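Participant: Next come a sequence and a model predicted from it.
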Amino acid sequence: MIYKQIQEPVRSQLECASFCQIEKPTCQTFSYDQWECLLGNPQGSFEIITSPQSDSKWMLISPGSWSEWSEWSVCVPESGPCGPSYQGLRNHTRNCSNPTPLSAHPPVCRGISQETTTCVAYCPIHGHWSDWTAWSDCSRFCGPGEINRNRTCDNPEPQFGGDPCPNPSYEENTCDKTCRAFGLGGTGGDNWEYCPNSFHVIYFATLVEDNGIDGMRLTCNDPSNQILRSKEHSSNGYGAPTSTCPQGFTKARGRAIPDKGALGNDYGLVCAELFCAETNTWLRSDCEENQGGTWHEKSCGTNQVICGLQTNYYTHWSDHVGLWHYSVECCNLPDQ
């Protein structure tokens, strides 16, 4: 912080006042002390303070200060040709903006804002891409996810004003990594739902209506406890969920009745269970106990647990709606 200072010697307070009078209305206050004359400019939001040497008012004025020099520009040939044998010119600049002067009256930045120097006028080298990296692993242990790859503009990298590489340096694509999917009581459908990556199912509930299962909900162990429901026909009337299986389920089975579906070769599910290895028990929610039927059982692979669900339902001629199959997918455990 400095003040606008009269550069020549000032012999009296009266003479200092005359300088302020000449510069009105910009100068509205002044201070004189031992041949030094300071003029106060109130433009902007300057702070007026009292001089410790006298009762006169001073005005704080913020002068300008230089920013850092910019990078040197590309060397431009002084005449047509370029190459290591030809001379050119380059420059760099700086701005009076660190800070910017608060008005035109305070002292501005001293010195020059641009420097120019000679240089070797090399010809521009345009950038070219390196080869793409290999595609990354699928973002999911199982199910649909994403893969990506990248490349760098260093074969060669642009120099001496050469053009940068065109097009993107990063690409994404989809992936669908099936670990071990199997159906219980039927097949078909594409409405898979999965726990978030690296999480798995820890409990589930079923909905029984009209002598069969109308819906399933599998709950994951991610922080939000995502629920897998696939093609859920109804959302009301679910039975109490099973107890929790923290380490995940390793088997699934369903009890199905042939010809219960809309077509003669369909199966209608009347019960579904998942196997919790850590307690060595089959867990179930609601089931239809009086319909009979045949159990269909499947197991996950080694070090895999259930993490995905797919269901499909039928509509019977009598408007009865129920599941005619459910499929689960087994995902590799994260630390395997």
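Facilitator: Noted; the coordinates are in hand. Just so it is clear, the structure is predicted and the values come from calculations on it, not from any experiment.

Participant: Okay, and Leu309 sits in which element?
Facilitator: Assessed by DSSP states H and E, Leu309 sits inside strand 304-315.

Participant: From the contact counts, what lies against that strand?
Facilitator: Counting contacts by 3 or more C-beta pairs under 8 Å, 6 or more residues apart in numbering; DSSP states H and E, strand 304-315 is packed against strand 181-184, strand 193-194, strand 201-209, strand 212-220, strand 249-258, strand 321-332. In this view, the C-beta of every residue, glycine as well, is placed from N, C-alpha and C.

Participant: Tell me which stretches of this structure form helices.
Facilitator: Ranges of helices within the chain are 13-22, based on DSSP state H.

Participant: How is it divided into domains?
Facilitator: Per automatic domain parsing, the domain ranges recorded for the chain read 4-59, 76-120, 128-177, 181-332.

Participant: which of these is buried the deepest?
Facilitator: Highest mean neighbour count among the domains of the chain (mean count of other C-beta atoms under 10 Å): domain 181-332, with a mean of 19.

Participant: Please render the helices and strands packed on strand 304-315 as CSV that adds mean pLDDT and distance to Arg151 to the earlier fields.
Facilitator: Listed next are the helices and strands packed on strand 304-315 as CSV, based on pLDDT from 0 to 100; distance: least, C-beta to C-beta, whole Å:
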stretch, mean pLDDT, distance to Arg151
strand 181-184, 62, 35
strand 193-194, 88, 31
strand 201-209, 92, 39
strand 212-220, 89, 36
strand 249-258, 86, 42
strand 321-332, 76, 30
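
Participant: Adding distance to Ile227, write these out as TSV.
Facilitator: Listed next are the helices and strands packed on strand 304-315 as TSV, based on distance: least, C-beta to C-beta, whole Å:
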stretch	distance to Ile227
strand 181-184	19
strand 193-194	9
strand 201-209	9
strand 212-220	5
strand 249-258	15
strand 321-332	15
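
Participant: looking at the domains of the chain, which has the lowest confidence?
Facilitator: Per-stretch mean pLDDT for the domains of the chain is lowest at domain 4-59 (a mean of 63).

Participant: Quick one: closest of the helices and strands packed on strand 304-315 to Cys300.
Facilitator: Closest to Cys300 of the helices and strands packed on strand 304-315, according to C-beta to C-beta: strand 321-332, at 3.5 Å.

Participant: Distance of the residue nearest to Val120 when sequence neighbours are not counted relative to Val76?
Facilitator: Of all residues beyond its chain neighbours, the one nearest Val120 is Pro84 (6.0 Å), with distances taken as C-beta to C-beta, 6 or more residues apart in numbering. Distance of Pro84 to Val76, computed by C-beta to C-beta, to the nearest Å: 15 Å.

Participant: quick one: His92 and Glu68 touch, right?
Facilitator: No: if you go by C-beta atoms under 8 Å, His92 and Glu68 don't touch, sitting 9.8 Å apart.

Participant: Would you mind confirming that the residue nearest to Val120 is in contact with Pro77?
Facilitator: No: between Pro84 and Pro77 there is no contact under C-beta under 8 Å: 11.7 Å.

Participant: Tell me the spacing between Glu289 and Arg255.
Facilitator: Using C-beta to C-beta, which is the criterion applied here, Glu289 is 10 Å from Arg255.

Participant: Quickly list what's touching both of those two.
Facilitator: Common neighbours of Glu289 and Arg255, counting by C-beta atoms under 8 Å, 6 or more residues apart in numbering, are Cys271.

Participant: picking up where we left off before, which of the helices and strands packed on strand 304-315 sits closest to Cys271?
Facilitator: Closest approach to Cys271 among the helices and strands packed on strand 304-315 (C-beta to C-beta): strand 249-258, 4.1 Å.

Participant: got the angle between that closest one and strand 201-209?
Facilitator: 20 degrees (axes from the mean of the first three to the mean of the last three C-alpha atoms, to 10 degrees).

Participant: how much does strand 249-258 deviate in direction from strand 212-220?
Facilitator: Angle between the axes of strand 249-258 and strand 212-220 is 170 degrees (criterion: the same axes, to 10 degrees).

Participant: Using CSV, write down the CA coordinates of strand 249-258.
Facilitator: Extracted as CSV, the C-alpha positions of strand 249-258 are listed here (Å, rounded to 0.1, in the frame of the first residue of the first chain):
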residue,chain,number,x,y,z
PHE,A,249,-26.0,-67.5,-0.4
THR,A,250,-24.3,-70.3,-2.4
LYS,A,251,-27.3,-72.3,-3.6
ALA,A,252,-30.9,-71.7,-4.9
ARG,A,253,-33.9,-73.9,-5.4
GLY,A,254,-37.5,-73.6,-6.4
ARG,A,255,-40.5,-75.9,-6.2
ALA,A,256,-42.5,-75.7,-9.4
ILE,A,257,-45.7,-77.3,-10.6
PRO,A,258,-45.8,-78.2,-14.3
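
Participant: what angle do it and strand 304-315 make?
Facilitator: Counting by the same axes, to 10 degrees, strand 249-258 lies at 20 degrees to strand 304-315.
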